[in-house]
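A.B. asks: Need coordinates for the following:
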Amino acid sequence: MRSGALLGQFQIRRLSRPASGHSTPLPKDRPVRPVSTDSKLEGTTDNRLGSPGQALRPGGLLLLSTRRFGQLRREQPQSTPPQVRDGTAEDRTITFQLWDWHPDGERYDPEHFQLLPGDGTWVTRTRRAAHWALTQAEAAGFAATAGFTDTSRHEPVDTGFFQPVLVAKVARHDDK
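C.D. replies: Numbering: from 1, shown residues only. Okay, here's the model as predicted:
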């Protein structure tokens with residue numbers, strides 16, 4: 001069975017954990033580190049958020065943001081639109097991704113491209129990865145399995161954030 005081990009993949013795994021825990025950590029990097037297979041979720045017992053009390057105090061909140069992977073899994077786009085970081089001709093950057101979907105329709109291999117100006121030409125940097133396109137429902141299920149309660153989903157129109165946010169609470173000792 002897939003477990004709450006997904007929660008061990010968070011970038012906030014590097015948080016220091018005082019004895020009282022954190023109330024609501026707000027990571028400045030990506031909240032969820034992409035995973036590519038079930039095997040990366042199974043058997044991960046030493047994860048940092050697999051037991052909510054390890055990083056968050058009772059009553060603390062987990063904020064989890066993911067792409068709209070339910071829709072993306074149905075549509076299986078082959079790329080993301082180019083994004084241009086404004087700047088002068090010497091420091092602007094163009095970024096986009098190519099996505100190769102696996103036959104299962106749940107996983108994809110993104111190839112990330114960055115075009116950077118350099119000596120009158122463009123320099124291209126690439127990197128590749130393998131991702132599992134977890135739906136918001138799957139993420140909420142992993143949070144519940146890991147012991148989080150009161151999960152709710154908040155849309156960009158309500159939060160001002162560019163993608164949906166899952167909010168889940170660590171049960172208080174008297175909530176159990």
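A.B. asks: my guess is Thr95 meets Ser79, correct?
C.D. replies: No - here Thr95 lies out of contact with Ser79, judged by C-beta atoms under 8 Å, at a distance of 11.6 Å. (Each C-beta comes from the backbone N, C-alpha and C, glycine too.)
A.B. asks: Pick out whichever of those two has more residues nearby.
C.D. replies: Just comparing Thr95 and Ser79: by other C-beta atoms under 10 Å the higher neighbour count belongs to Thr95, 16 against 12.
A.B. asks: Going by neighbour count, list what's buried in the top strand by length along the chain.
C.D. replies: Once the chain is assigned using DSSP state E, the strand that runs over the most residues is strand 107-118. Neighbour counts over strand 107-118 (16 or more other C-beta atoms under 10 Å) mark Arg107, Tyr108, Pro110, Phe113, Gln114, Leu115, Leu116, Pro117 as buried.
A.B. asks: Using a markdown table, lay out those together with distance to Ala129 and pLDDT.
C.D. replies: Putting the buried residues of strand 107-118 into a markdown table (distance: C-beta to C-beta, whole Å; pLDDT from 0 to 100) gives the following:
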| residue | distance to Ala129 | pLDDT |
| --- | --- | --- |
| Arg107 | 11 | 92 |
| Tyr108 | 9 | 94 |
| Pro110 | 6 | 94 |
| Phe113 | 13 | 97 |
| Gln114 | 14 | 96 |
| Leu115 | 19 | 95 |
| Leu116 | 20 | 92 |
| Pro117 | 25 | 90 |
